[in-house]
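> sequence-free structure coming up:
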Ligand code: AP5
């Protein structure tokens, strides 16, 4: 089973993706994480996309489709796509690459919650562990719970860039909703919405119940 988590920045896609991977053993495909790793490694790709991420814009469809299809070549099904596709061209690119989607799960959250969640998010870049100053604070202020290494405030999590990312989401990603609803009406996949304004555990319960009801599981 392959699932897409769709929703605005900060809706909790990454948080729920980690839970789903723990419970059902899906493989998470996060293009945001892949791009940040390339930036940290100062690779050619990283240098090419660094300013795009910092501005909250989207990286080109060609780069994203190439990255994802290259990753999928090395393993089989049971994917959880977190933050991809973000445009109709990306969805078409995955389809053309033979990726069959079973479920699209849209996270619904108001802008007010989004700004609160992102401006107080802190991350441990090496592991991808995600904290929140109010909702999931680290045991020691500013330090990762497991390594004690410093946490960082993502450069695109400052309010001005969060608002820019929301604009980009509305303009370039929202058209995917109609696209997936049309695919559902043709019977090729399921499209479901969940309210993402509850606690992390409340959203987790909702998401896991839905995936379980569809017989969801990751790779064998
Ligand atoms: P990406 O990393 O994918 O960012 P995003 O989609 O904007 O999503 P976020 O990681 O910001 O949020 P999330 O929904 O995962 O929330 P989280 O669980 O962390 O992309 C970054 C950039 O890369 C893009 O802007 C673009 O430039 C580029 N890019 C990536 N993919 C691309 C693509 N396909 N095409 C083109 N460009 C691409 O939660 C947020 C915070 O809230 C955390 O602190 C968390 O602890 C907290 N939280 C989570 N759930 C709850 C809850 N229920 N209650 C309270 N707090 C909560």
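Cool, got the structure. Because the structure is a prediction, the values reported are computed rather than measured.

> CA atoms for contacts and neighbours, from now on please.
Fine.

> What's the local residue count around residue 122?
25 (other Cα atoms under 10 Å).

> got it, and residue 151?
By the criterion of other Cα under 10 Å, residue 151 has 21 neighbours.

> Give me every residue in this structure that's in contact range of the ligand.
Within reach of the ligand by Cα under 6 Å from any ligand atom, the chain has these residues: 9-15, 31-33, 52-53, 56-59, 64, 83-86, 117-118, 121, 130-132, 135-136, 197-200, 203.

> of those residues, buried ones?
9-15, 31-32, 53, 56-59, 64, 83-86, 117-118, 121, 130-132, 197, 203 (16 or more other Cα atoms under 10 Å).

> And the helices in the protein, which stretches?
Taking DSSP state H, the helices of the chain run over residues 13-24, 31-40, 44-55, 61-73, 88-96, 111-119, 159-168, 175-185, 200-213.

> Relative to residue 143, which of these is closest?
The closest of the helices of the chain to residue 143 is helix 111-119. By Cα to Cα, the value is 17.2 Å.

> what's the angle from that closest one to helix 159-168?
130 degrees (axes from the mean of the first three to the mean of the last three Cα atoms, to 10 degrees).

> Just the residues contacting helix 111-119, thanks.
Residues outside helix 111-119 that contact it (Cα atoms under 8 Å, 6 or more residues apart in numbering) are 8-11, 132, 157-159, 162-163, 166, 197.

> Could you save the residues you listed as TSV and add columns showing distance to residue 149 and pLDDT?
As requested, the contacts of helix 111-119 are exported to TSV (distance: Cα to Cα, whole Å; pLDDT from 0 to 100):
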residue	distance to residue 149	pLDDT
8	29	97
9	25	97
10	23	96
11	26	97
132	16	97
157	20	96
158	22	95
159	25	95
162	25	97
163	29	97
166	30	97
197	30	96
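
> mind putting those in a markdown table, distance to residue 42 included?
What follows is the contacts of helix 111-119, written out as a markdown table (distance: Cα to Cα, whole Å):
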| residue | distance to residue 42 |
| --- | --- |
| 8 | 27 |
| 9 | 24 |
| 10 | 25 |
| 11 | 28 |
| 132 | 27 |
| 157 | 21 |
| 158 | 23 |
| 159 | 26 |
| 162 | 24 |
| 163 | 27 |
| 166 | 27 |
| 197 | 36 |
